[in-house]
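# this is a predicted model, with the sequence first.
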Amino acid sequence: MTVLVLNASYEPLQRVNVRHAIRMLVRGVAVVEEAEEDRTIGPFPVPRVLRLVKYVVMRWRHGRRPPWSKRGVYLRDRGLCGYCGRRGNTIDHVVPQSRGGGDTWDNTVLACSSCNNRKGDRTPAEAGLRLRVALRTPHWNELVDL
């Protein structure tokens, strides 16, 4: 289970595990905004959402683009296969790694296992597949898993 952490201005920042959330409460850097009913850990309710007491400036996010990650590709593509639109569960390289394609936002897409197997070590055109999504670098707020 994860806990959503909000900035003091109620902007979503990140998700943390329950253990980290309880440490934040013990240190007094966050307060509980929403908790699970009738569940506690010591004197603290089991949180679902925390809000930071002091505002944290997130300038670093606005100065550069997010680094590539598999989880980021999943969130950018909203969990859907970039070829058929069904639920995706693998990362596919549009230009295969064997042909020099890398782990970049412009070369990876979420794919279901059948489309990924069909494509194999070929480009989408060679495999007779068409991308349904535009490959792009996501904004930071798209990468917060709500």
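Here it is on my side, so go on. Residues are numbered from 1 along each chain as shown.

# how is the chain carved up into domains?
By the assignment in automatic domain parsing, the chain contains the domains 2-57, 65-141.

# including mean pLDDT and mean neighbour count, could those domains go into JSON lines?
From N, CA and C alone the C-beta is placed, and that goes for glycine too. Shown next, in JSON lines, are the domains of the chain (pLDDT from 0 to 100; neighbours: other C-beta atoms under 10 Å):
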{"stretch": "domain 2-57", "mean pLDDT": "93", "mean neighbour count": "14"}
{"stretch": "domain 65-141", "mean pLDDT": "93", "mean neighbour count": "15"}
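
# what separates the spatially most distant residue from the centre of the chain from Leu25, distance-wise?
The centre of the chain is farthest from one residue, Pro43, which by C-alpha atoms, centre = their mean lies 31.4 Å away. Counting by C-beta to C-beta, to the nearest Å, the gap from Pro43 to Leu25 is 9 Å.

# ok, Val53 next?
Going from Val53 to Leu25 by C-beta to C-beta gives 10 Å.
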